[in-house]
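# what would the 3D arrangement of this be:
(chains A and B)
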2 protein chains.
Amino acid sequence: MVSKKLVVEQERKMPLVTDVQVLKDLATRIRILSIQSTTAANSGHPTTCSSIAEIMSVLFFNTMRYSVAAPKDVSSDRFVLSKGHAAPALYAAWVENGLIPEPELMKLRQLGCDLEGHPTPRLNFIDVGTGSLGQGLAIAAGLAYVSKNYDNIDARTYCLIGDGESAEGSIWESIAFISHYNLDNVVLIIDANRLGQSQPTTVAHHLEVYKARLDAFGWNSLIVDGHSVEDLVKAFDNASATKGKPTAIIAKTYKGRDFPDIEDREGWHGKALGKETDRVLKHLEGLIVNKGKLNFTIPSPVTRAPQVNISNIQLASPPNYTVGDSLATRQAYGAALVKIAQNNPRVIGLDGDMKNSTFSELLKKYDPARHIECFIAEQNLVGVAIGATCRDRTVAFVSTFAAFLTRAFDQIRMGAISQTNVNFVGSHCGVSIGEDGASQMALEDLAMFRSVPGSTVLYPADAVSTERAVELAANTPGVTYIRVNRPATKIIYANDFKFQIGKSNVILFSPKDQVLFIGGGITLQEGISAATILAQQGVGVRVLDLFTIKPIDREGIIKNARESGGRILVVEDHYPEGGIGEAVLSAVAEVRDVYVKKIAIPRVPRSGTPSQVLDYYGLTAKHIVNYLLDAIKN
Amino acid sequence: MVSKKLVVEQERKMPLVTDVQVLKDLATRIRILSIQSTTAANSGHPTTCSSIAEIMSVLFFNTMRYSVAAPKDVSSDRFVLSKGHAAPALYAAWVENGLIPEPELMKLRQLGCDLEGHPTPRLNFIDVGTGSLGQGLAIAAGLAYVSKNYDNIDARTYCLIGDGESAEGSIWESIAFISHYNLDNVVLIIDANRLGQSQPTTVAHHLEVYKARLDAFGWNSLIVDGHSVEDLVKAFDNASATKGKPTAIIAKTYKGRDFPDIEDREGWHGKALGKETDRVLKHLEGLIVNKGKLNFTIPSPVTRAPQVNISNIQLASPPNYTVGDSLATRQAYGAALVKIAQNNPRVIGLDGDMKNSTFSELLKKYDPARHIECFIAEQNLVGVAIGATCRDRTVAFVSTFAAFLTRAFDQIRMGAISQTNVNFVGSHCGVSIGEDGASQMALEDLAMFRSVPGSTVLYPADAVSTERAVELAANTPGVTYIRVNRPATKIIYANDFKFQIGKSNVILFSPKDQVLFIGGGITLQEGISAATILAQQGVGVRVLDLFTIKPIDREGIIKNARESGGRILVVEDHYPEGGIGEAVLSAVAEVRDVYVKKIAIPRVPRSGTPSQVLDYYGLTAKHIVNYLLDAIKN
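Predicted coordinates for the structure are as follows:
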């Protein structure tokens, strides 16, 4: 008697669309190209490429459904090479499938060649930059979440990580996320080649350890011979047939596989083969059975993704506040997120179990399907957002306490390399949060986001400007960051005020201003109060709201500084380095005769009520009055 | 017939040193104090405190061996409250054991009171600041690694995390690290109260899921009733008796336990009880059986830790290089690390599987016991180092690629709050690494480390200054960061040159200098070449090596700028924000009539050979000549 389960297994035929020997030969070709290109570059990771050669061959020439002519077709299966240092193997697959001319690969790592040391979206077949380990699986989760829940297509996402890489906690954040959301369209492949960079991994080839861990995190997991194309074909088929949970394929491999006297040896990480090249290539060429052109079939995508339009995002209704009323900018963020979501079905929000504090829960209340709860795992939170925005499928806003975005600095940094358009919103910035104390106060967030290449950093001071900041961010390429406050701040702008990225706004001025005040959020509000007090004493203070910290309004700052005696006072709820003060200094660096006085939080702050700590650290109007009077003396 | 295992279990008596009912009453007292203090503060997390009340009672009044009179006695067991928002319950334990006067706790969260919203080492019984979740277990790992491997004492480290917190990948990095190194002196307690901030956790009360995960990661794990003092006593005893693997106690608890109509309900996270206070307090007071003073015993430490001296760390031998020779500063770092290790047995090195690139492997070769391989898990790497330095037990140097230190920004940020003295060394900074490309190039590391309060940031340009930077960092309080280069750079300093923190060094000067050049590492070297070229053309360029980017030599910069026509050119291998350029701008902010021109990497860079990319991004001498000539026109 045969059990039902066994019958089902027997019924599943080995899903080969390319001949087994051709797959083996393609794996060898991938090894050969990886060696040739890294030897030509005199750097790179050929042994790392070799351990994944069969995995790449089976995925790219049998299993994955994609189009060589349209590498980023939104209906295709996705592939994320999380272990980005194996880039030449990935490039080699795209040489063999015909997209990249082989001579181009021999320019690997040369200046001007987009085939860089690690993959980036400068290449038309790459979704995200990889190379900082442990980040690819979160991207894959984002890609798969969109395919399954928004695009509703049968597209699978394959993510290849290294075994050493699985030590990264971010991997386990993603493993938990993927199983929690039943993303059975994700296939994780662990290239368990036993060797890290400088020594063996902790698990080495005890692959049952990975299996137990993955099973415990709710995955279907399989241990396979990662150098057997037959085993791999079957394993990927098992993954496709497994519904309701994601599949992990734990591939036992050897670093430098088929490189005689190099395979499975320590000391060969990240080294071109140099004088060993010819010897190894000769051996590899001898392994190829089909000497001529290799005949393979690449399956096509099976379902069509809907067309979407994520351009020209607008608030469904303009801001509707009254000057002088008060509202926390974090709350205005939540309101604005709903307004742009009302106008475009591809606007989504992601949070790290802070949605009732960041007000992203307003989106969840409006449309639960477009709010992705990522729990307390900020690295995965950011990675999922980056994945979700790939191929222009969504407009994503990530929110949590600004302080906790530091947890994902590496992901955000890589996001810039990935040319991501994710929008970040950090709440509870600065000492103005009060009682919770230093661990919850973001005082380095502006420094962090300013240092991200191509970023746009917005710091709206009231609810009106916050709503417009959200609208502008949604339409701005690259990483954007909006800093919002916990306490309520007064509405200072009219509802119809026109905001622009990179354009500051003069809030108070007189013809005889003696100093230019620049603040952000709370300190801008306090500066307005201080200037108002001094105006009554006949001292003219110009008040400028930068609105955008980056790109900064250099011309506006210089013009207003010159009209205010060449004196600038910057007061910010941030550490002294990298924030508004230094942004302003950079703007006036090449201008002589401008004096800049900076006030910031000089050390780790204390708990207290918001008004107590703001006063204690000298950020309130009464202190600003004194700074302004001092500045005028210079 | 009774199995041997069962006999052993029967032989273990319930290790009670305090009466069970007293432990229960102490738990209730902890609840009462948590409510009273948060109600007084009108903020805080009383329901979070309530779920851990029995855990705290049993740990602090029965299980942990410590001294109330000497809360940071190095021989004591350690406790890390990773879920720092439960701080009032921890403070309450120290009220009940007599350290803190009860009225002091009623000043919770008030400005000037060290009983802040989250714990910090401003309190004499706290090792590290917590409050950014997921970080405590790495600290515990560092504490336990030192107790077990360096101090050789029977001190156990208890770490209490929340269940929501267990979603943080950093927790799983630490879980893997602790079992890999058989730290059986670590006891992890998961307060599984089912509720996160904004919704239930993914695992909720399915505690067998945690158990399966922990078992798969090599731990001894137990599920217990977290509100049963008897169960907890037995579980901690089991942990003490378990050798060769760490123990995790998965405590089933309820948020707001014993708060009628609040217990186990959503919507009560992070809220003082307000008008519910009296009602709940009345109920709790009714639960106390022993109405008078509670009699308890706190066990004493059982072994004595050795005395150690980590002051006045010196190189065992002075730098021994020849001006004009070349060596990578990363290699000089490794050499210097060995030299200070030769002179002090408490110098240790930690790395993230990069030791053959960062040259920390030189320490491993010198003394394997003092090199801690943390594998590819940078968050845990940093946390372990912070833990290892607590109570002045070690001088720790953490090294990896500078780019990957961004992975631990949140840990480093919290390190400053923890008043840590960990020294960080980031290698492979800037585009000068060449072929590997943008993902491996640190171009925001100076911005990151400058923004850390109280940090010292060193950027040595040659091997001599690198050795001295290591020596100085070892003796400098607070977070220090040393930026080192991958390529070799020329020795420019004599071996006996005296370096100081915060003191810049003039490398080239003439009486008629027209511009001041400031660079770092590679760009300083290129600037020297450029200045030498221009000197031959009769153009005087002063070259300044800042050596310390923070604290910056404000006086030195201003003096030399004034002597050089009030013109400064800064060229740096870093993004434009937050690096050397902005540090210099901050130094001259309040000085009128200084022109500063900044050159940096303006966008995500490309792969290429180091010389190609340095030239492409304009950081080489030939470009610097032109910048200098341009600067002189201003």
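# which residues are in contact with A:Ile433?
A:Gln440, A:Met441, A:Arg486, A:Pro487, A:Pro610 (C-beta atoms under 8 Å, 6 or more residues apart in numbering or on different chains). Every C-beta, even on glycine, is put in place using the N, C-alpha and C of the backbone.
# recalculate using a threshold of 6 Å.
A:Gln440, A:Met441, A:Arg486 (C-beta atoms under 6 Å, 6 or more residues apart in numbering or on different chains).
# of the residues you listed - the most surrounded one?
Comparing the contacts of A:Ile433 by number of neighbours (other C-beta atoms under 10 Å in any protein chain shown), A:Met441 comes first, having 32 neighbours.
# okay, that residue: pLDDT?
If you check A:Met441, the pLDDT there is 98.
# residues contacting it?
Per C-beta under 6 Å, 6+ apart, neighbours of A:Met441: A:Gly430, A:Val431, A:Ile433.
# which non-adjacent residue is nearest A:Ala53?
Leaving aside its sequence neighbours, A:Ala53 sits nearest to A:Ala27 (C-beta to C-beta, 6 or more residues apart in numbering or on different chains; 4.0 Å).
# and that neighbour, which of the three is it?
helix (DSSP: H, G, I helix; E, B strand; the rest coil).
# and the residue nearest to A:Gly556 when sequence neighbours are not counted, how far from A:Glu104?
Of all residues not flanking A:Gly556 in the chain, A:Ser504 sits nearest, at 4.2 Å (C-beta to C-beta, 6+ apart). For A:Ser504, the distance to A:Glu104 equals 46 Å [C-beta to C-beta, to the nearest Å].
# the more surrounded of the two?
A:Ser504 (22 against 16).
# that one and A:Ile549 touch, don't they?
No: using C-beta atoms under 6 Å, A:Ser504 is not in contact with A:Ile549, being 9.9 Å away.
# apart from its neighbours in sequence, what residue is nearest the residue in the stretch 301-450 of chain A positioned nearest to chain B?
As assessed by C-beta to the nearest C-beta, chain B sits closest to A:Ser439 within the stretch 301-450 of chain A, at 2.9 Å. What sits nearest to A:Ser439 in space, not counting adjacent residues and going by C-beta to C-beta, 6+ apart, is B:Gly131, at 2.9 Å.
# ok, now A:Gly383?
Per C-beta to C-beta, 6+ apart, closest to A:Gly383 is A:Ala138, 2.3 Å.
# helix, strand or coil for the one you found?
helix.
# how about it, what does it touch?
A:Ser174, A:Asn380, A:Gly383, A:Val384.
# the closest residue to A:Ser166 other than its chain neighbours and chain B: what is the separation?
Nearest-residue entry for A:Ser166: A:Ile190, 6.2 Å, with adjacent residues in sequence omitted and distances by C-beta to C-beta, 6+ apart. Applying C-beta to the nearest C-beta, to the nearest Å, the value for A:Ile190 to chain B is 13 Å.
# looking at this, A:Ile190 is in a strand?
Yes: read with three-state DSSP, A:Ile190 is one of the residues of a strand.
# right, and it touches A:Ile250 too?
Yes: if you go by C-beta under 6 Å, A:Ile190 and A:Ile250 touch, sitting 4.9 Å apart.
# which residues sit in contact with the residue in chain A that chain B sits nearest to?
Using C-beta to the nearest C-beta, the closest approach of chain A to chain B is made by A:Gly169 at 2.5 Å. By C-beta under 6 Å, 6+ apart, the residues touching A:Gly169 are B:Gly169, B:Ser170, B:Trp172, B:Glu173, B:Gln379.
# ok, and the closest non-adjacent residue to it?
B:Gly169 (2.5 Å).
# ramachandran coordinates for the one you found?
B:Gly169 adopts backbone torsions of phi -60, psi -30, taken as degrees, to the nearest 10.
# and it, how far from B:Glu378?
On the measure of C-beta to C-beta, B:Gly169 and B:Glu378 end up 11 Å apart.
# just the terminal-to-terminal distance for stretch A:514-524.
One end of stretch A:514-524 sits 18 Å from the other (C-alpha to C-alpha, to the nearest Å).
# does chain B sit close to the host helix or strand of A:Lys339?
Per DSSP states H and E: A:Lys339 is located in helix A:329-343. No: Helix A:329-343 lies apart from chain B when judged by C-beta under 6 Å from any C-beta of the partner chain; the minimum separation is 12.8 Å.
# chain center to that helix: distance?
With C-alpha atoms, centre = their mean, to the nearest Å as the basis, helix A:329-343 stands 22 Å off its chain's centre.
# tell me what it is packed against?
Helix A:329-343 sits against strand A:347-351, helix A:361-366, helix A:463-474, with contacts defined as 3 or more C-beta pairs under 6 Å, 6 or more residues apart in numbering or on different chains; DSSP states H and E.
# run the last query once more with 10 Å
strand A:347-351, helix A:355-358, helix A:361-366, strand A:395-401, strand A:423-427, helix A:463-474, strand A:480-483, strand A:488-490 (3 or more C-beta pairs under 10 Å, 6 or more residues apart in numbering or on different chains; DSSP states H and E).
# if we can go back for a sec, touching, the residue nearest to A:Ala53 and A:Asp258? I think so.
Yes: with contacts counted by C-beta atoms under 10 Å, A:Ala27 reaches A:Asp258, the gap being 8.7 Å.
# settle it for me: which of these two has more neighbours?
A:Ala27 (31 against 19).
# for that one, what are its contacts?
A:50, A:52-58, A:61, A:89, A:92-93, A:96, A:227, A:229, A:232, A:257-258, A:284, A:287-288 (C-beta atoms under 10 Å, 6 or more residues apart in numbering or on different chains).
# show me which of these are buried.
A:50, A:52-58, A:61, A:89, A:92-93, A:96, A:227, A:229, A:232, A:257-258, A:284, A:288 (16 or more other C-beta atoms under 10 Å in any protein chain shown).
# just the ones of the residues you listed in helices?
Counted as lying in helices by DSSP state H, out of the buried ones among the contacts of A:Ala27, are A:50, A:53-58, A:89, A:92-93, A:96, A:229, A:232, A:284.
# list the contacts of A:Glu378.
A:Glu378 touches A:170, A:173, A:352-354, A:398, A:400-401, A:404-409, A:411, B:132-134, B:167-170, B:410, counting by C-beta under 10 Å, 6+ apart.
# mind running it again at 8 Å?
A:Gly352, A:Thr400, A:Phe404, A:Leu405, A:Arg407, A:Ala408, B:Asp410.
# going by distance to A:Pro119, which of the residues you listed wins?
A:Ala408 (20.3 Å; C-beta to C-beta).
# SS state for that closest one?
helix.
# need the contact list for it.
A:Glu378, A:Gln379, A:Leu381, A:Val382, A:Gly383.
# what about it, distance to A:Asp127?
Taken as C-beta to C-beta, the span from A:Ala408 to A:Asp127 is 18 Å.
# shared neighbours, A:Ala27 and A:Asp258?
A:Ala53.
# from A:Asp436, how far out is A:Gly98?
For A:Gly98, the distance to A:Asp436 - C-beta to C-beta - is 57 Å.
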